[in-house]
Each structure stands twice: as C-alpha cells, then as structure tokens.
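# Could you work out the structure for the sequence below:
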Amino acid sequence: MDYRLVDDVTLYLKQRGLDERYSEVRIAGGGLAAVDQNNPHWVRTVWENVALSRQLHGIRYLLVINHQDCGAFAHRFGRNAVANPNDEFQLNVRVCTDVVAEAARREPTLTVECAFMGLDGVVRRIDLGPSPAGAPRPAAAPVADQRAAFAERVRARVAAQPLDREQEMELLRAGIVEHGLTADDAAAALRGAVAGADARLGREAEAAVETFLEARAGTRKRVSQTDFESAARLFRAARETVVDQDTARRSVKAVMERRGYYPKRLWWPPFSRAWYDRI
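As a prediction, this is how the structure comes out:
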C-alpha cells in the first residue's frame, strides 16, 4: 500500500499480461498482514478476501508482493531488523515462507508466488528453499504449477496482440527467472500459447469473413472479385496483419467453399472465373 509504489505495482502486473485479470488486496505489510498473529483481524481480512475472490472469480494463483523500506515491517520487527538491505530481504523471505505455509493450510489448491519490490520498482522473485536448520520449507509452487502459471501468463499476453522478438525474449526470461522453469519448458509454453492465440485469431478472422460474404453475396451466393479482395483484406486486419495477402486469399476461398459460395464470373474474358481458380 506504499504510496511510492502504487503505480509501480500496477505497471508490473500489466507487464506480466495481467491487466484487468486479477483481484487485488493492498494492505500494510503485504504478506506480513496474512500471517501476523499480533494483528489477527488483519490475517482474517486477507484470507477472507482471498476466499471470496476464489468464490467469485475462480482465482487459482496468489501473488504476494512485499517491498523495500516497508513501515509495517519496521513497526512489527523494529527499525534495526530492516536497516541492512540483506537482512531486510531475508526477513521478507521468512515472512513469505509463513505465507506459503498458511496458504497451503487454508487454500491447498492455490498456487503461491512471492516477490520483493525495490523502491525503484524492480521486482525480485523470492525462492523458498530449505531452511538453515535443514528442515524443508513449503515450496512456492510445484514445477507443474509454475509451468501452468507461466503458460497462463503468456496466454494473457498474446491474447492482446502478437509478440515481437523482443517481447518473446522478455517472456522467456520471466519464465526462467520468475517461474523457475528451464529454458526448454519456458520455450514450449511460449510456443503453445502463441499457437493457441494464432488459432483463435484465425477463427475470429474467418467469422468476420463469413459475416461479410453473407452480406455481400446475396441469395444467389455469388461473390464478385472486388468483394473477394475486400474479404481478404478484412481477414488480414482481423489477424492483425500476421499473414500475407496470398494466404488471406486462400483462407477466404476456403470459407467460400465451406459455406457454399461461388465466384462471380467476369464479363471479360467472357464468363471467366480464372481469377478465382488461380488462388
């Protein structure tokens, strides 16, 4: 809830492809509020909000973002406990370990990720490994869940627009650094999401072409060359120009054949439909 980082948190979630795809609780201490037994009413508030979000929105993933120079941490543990940056980060790791354990107890099917945001807005993922004493700590999320979470993140990103090479590399890096995936797993998730988005765009483009042809062809189901080319341009626009004109023409022809439309013959050369047969 720190006023210095309100816009940074929103920007971070948007960069992860989650814009308007998450429920949000901002509360002093972030993850600390979920486990601080000195403030049991805060703990209850956090988990009741999580439970309600699961009921209303079907959330499957909990992202806890703590931040540098948190006043609630200083108030709870003392200023000296957060004076050193490394000590402050390790304290956040311990708190997030408790958050993961509490989530496992209350919401065992919820995938949990913890992160630490600097005052510059840069986010550092908190990896929860074995404790110093050797006792195992709860994992932030099983690898399979992290893979699923990353795939959902990529699907959300590509649903908005096609990715360029720089954006693909940014997502691959996030899969490796933030989700703990191997390069191969991250690449496979990215390829699958891109293929799925491409198929969705293809279906939407074909639906747009079908609507256009239905309006233009009339009861005789004849499509003029002019309308055919317009349909091909419409297909490309619906696919956000990720296909060339020849591919768009072939796609429109496939729609016509599926819907039983016929090419209108030209007056010159006499009754020719060569323009259509060449596609």
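# Provide a list of residues in contact with residue 146.
111, 113, 140, 179, 180, 181 (Cβ atoms under 8 Å, 6 or more residues apart in numbering). All C-beta spots, glycine's among them, are computed from the backbone N, C-alpha and C.
# again, 10 Å this time
In this structure, residue 146 makes contact with 111, 113, 139, 140, 175, 178, 179, 180, 181, 185, judged by Cβ atoms under 10 Å, 6 or more residues apart in numbering.
# Return the member of these nearest to residue 24.
Distances from residue 24 to the contacts of residue 146, taken as Cβ to Cβ, are shortest for residue 113 (14.7 Å).
# contacting residues for the closest one?
Each residue near residue 113 by Cβ under 10 Å, 6+ apart is listed here: 61-65, 96, 100, 125-126, 140-141, 145-146, 149, 178-180.
# before we move on, back to that, strands - which of the contacts of residue 146 land there?
Using DSSP state E, the members of the contacts of residue 146 that fall in strands are 111, 113.
# So which of the contacts of residue 146 sit within helices?
Among the contacts of residue 146, the members falling in helices (DSSP state H) are 175, 185.
# out of the contacts of residue 146, what pair is the most spread apart?
Top of the distance list for the contacts of residue 146 (Cβ to Cβ): 139 and 175, 17.2 Å.
# re earlier: so can I have a markdown table of the contacts of residue 146 showing pLDDT and distance to residue 104?
As requested, those are arranged in a markdown table below (pLDDT from 0 to 100; distance: Cβ to Cβ, whole Å):
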| residue | pLDDT | distance to residue 104 |
| --- | --- | --- |
| 111 | 88 | 11 |
| 113 | 91 | 13 |
| 139 | 42 | 9 |
| 140 | 43 | 11 |
| 175 | 82 | 24 |
| 178 | 73 | 20 |
| 179 | 75 | 19 |
| 180 | 77 | 18 |
| 181 | 81 | 21 |
| 185 | 83 | 23 |
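# Looking at the contacts of residue 146, which one is closest to residue 244?
Among the contacts of residue 146, residue 175 lies closest to residue 244 (Cβ to Cβ), at 30.3 Å.
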